[in-house]
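Chemist: please find the sequence and the predicted model below.
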Amino acid sequence: MKPRLGLFDSGVGGLTVLKRVLERHGMVDSVYLGDTARVPYGERSRSEIRVIAKEVVQWLRDEQVTVVAMACNTTNALARDVAEHVAGMPVVGLIQAAADMLIEDRVGVLATPATAASGAYRLQIEHDRPGTVVVEQGCPAFVPLIEAGHLSTDELLRVAREYVAPLVEAQVEAVVLGCTHYPLIEPILRQLLPQHVRLVDPAIGLARQLDALIGTPLVPLGTSFSLTSTRFCVTAEPEGFATRATPWLGERPEVELVSLRSPACAS
Ligand code: DGL
């Protein structure tokens, strides 16, 4: 069967994963679902996040994808088992990918409140690299600001300072971008962290995990990517999504409005 990749996130965050995948794998047939009707996921309860994961993966399955990429840490942290159960096909995620990328002994994780509270990053890293000190920091203001297009405002700088401070205080050597929205504000985070601290984007590891699953030849580094093999779908505001996606993707995507299976959970 020809590989078809399904990626999902609450909004534009998963595009940071899509970009890494397209940069590495080129014209892979893919469908991206941004569940913009329900963004942000990161302040929802565990049970809501699990219902959401079930619905989005069911939708992707109905779209005949052959591999699911959880381009969202929050569902990865709280509902990976749900996604795997519903998918019935290979599922790749970000948390294991990030743990595989780490070599440092003191690690900070910036994430949504739900991901940070779940302890999923700490548990995975401590399991894979016993003795590592892991400091997780929830960042409730980031996703709403990023989805509103505020990528470099004073407000963003103020909250970023607040979130980064405990990690600097703990003398971490690496910081994991534990929410797929955060690569969009990497310049601000870079500015606030000491220069020797490495920023880790789990999407790089996720794109590598796909090597064995989608079987496309790897694209030479630095080759520009194209959006023509990707279908973009959202659950609300397709035009707003297209506008916010444009600077990151380098061109304006065509975005379709779709509805997931159960309208009762649409908001
Ligand atoms: N970008 C997602 C994540 O990686 C979801 C963020 C949100 O909607 O709160 O966690």
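Modeler: Thanks, I have it.
Chemist: which parts of the protein sit against the ligand?
Modeler: Within reach of the ligand by CB under 6 Å from any ligand atom, the chain has these residues: 9-10, 13, 39-42, 72-74, 112, 115, 143, 179-181. C-beta: built from backbone N, CA, C; applies to glycine.
Chemist: farthest-apart pair in those, please.
Modeler: Using CB to CB, the residues of the chain next to the ligand reach their maximum pairwise distance at V39 and T115, which is 14.5 Å.
Chemist: who has more neighbours out of these two?
Modeler: More crowded of V39 and T115, by other CB atoms under 10 Å: T115, with 29 against 23.
Chemist: not counting its neighbours along the chain, what's nearest the more buried one?
Modeler: A77 (4.4 Å; CB to CB, 6 or more residues apart in numbering).
Chemist: got it, and M1?
Modeler: T66 (5.9 Å).
Chemist: for that neighbour, which residues are in contact?
Modeler: Listed by CB atoms under 8 Å, 6 or more residues apart in numbering, the contact set of T66 reads M1, K2, P3, R4, L5, M89, P90.
Chemist: next, count neighbours for the first one.
Modeler: Residue neighbour count, defined by other CB under 10 Å, stands at 5 for M1.
Chemist: now it: how far from F8?
Modeler: Separation of M1 from F8 (CB to CB, to the nearest Å) stands at 20 Å.
Chemist: phi, psi of the closest residue in space to D29 that isn't next to it in sequence?
Modeler: Excluding its sequence neighbours, the residue lying closest to D29 (CB to CB, 6+ apart) is R4, at 4.7 Å. Backbone dihedrals for R4, given as degrees, to the nearest 10, come out at phi -140, psi 120.
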